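J.: Everything below, folded, please.
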Amino acid sequence: MPLRCVRERGRGAGARRRARRARRRHRGSGGGVVAIRPRALSALEAVLGDLGRARKAPWRLAKIFGLGTLVGYATRTLDVAACERRASAILRTPVAAAICTHPEIAVNVDRVSDVALAEALVR
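T.: This next block holds a predicted model:
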């Protein structure tokens, strides 16, 4: 079953209900892990540079992701398979989502103090 990262929009119960509904449909954890083949690194570097330059320019982002992807996102019809196809086309290498239902994958380890928590979760 596809994983769809859900970001709550707005505040209050309505935003929480939308997020809960989306999580219920997709049994993923909401976390993300990336595995990259070395041959894809140069393409990824170029795309990340383009995304960084376009981050505050919606039309440049639309050009990178494609109109179909943005329409699918806006209408909530975008699925993981479509994202995989678009990412594969952008990077010119196969891209696949790894669906994980374990919530531990979504734990952030941003500080040294977070390491002990993360280690306890995986034991």
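
J.: Make sure Ile36 is actually in contact with Leu44.
T.: Yes: using CB atoms under 8 Å, Ile36 is in contact with Leu44, at 6.4 Å. C-beta coordinates here come from the backbone N, C-alpha and C atoms, glycine included.

J.: With neighbour numbers in mind, choose between the two.
T.: With neighbours defined as other CB atoms under 10 Å, Ile36 and Leu44 compare such that Leu44 has more, 17 against 12.

J.: tell me which element that one is part of?
T.: If you go by DSSP states H and E, Leu44 is part of helix 41-54.

J.: and what of Asp114?
T.: Taking DSSP H and E as the definition, Asp114 sits inside helix 112-122.

J.: low pLDDT regions in this structure?
T.: Scanning the chain with the threshold set as pLDDT under 70 gives 1-30.

J.: Run through the helices of it in chain order.
T.: Using DSSP state H, the helices assigned to the chain run over residues 13-25, 41-54, 58-65, 67-74, 80-91, 112-122.

J.: And those helices: which comes nearest Pro103?
T.: Evaluated with CB to CB, the helices of the chain place helix 112-122 nearest to Pro103, the distance being 8.8 Å.

J.: mind listing what Thr93 touches?
T.: Neighbouring residues of Thr93 by CB atoms under 8 Å, 6 or more residues apart in numbering: 37, 39-40, 43.

J.: Tell me the spacing between it and Thr77.
T.: To Thr77, Thr93 is 26 Å away according to CB to CB, to the nearest Å.
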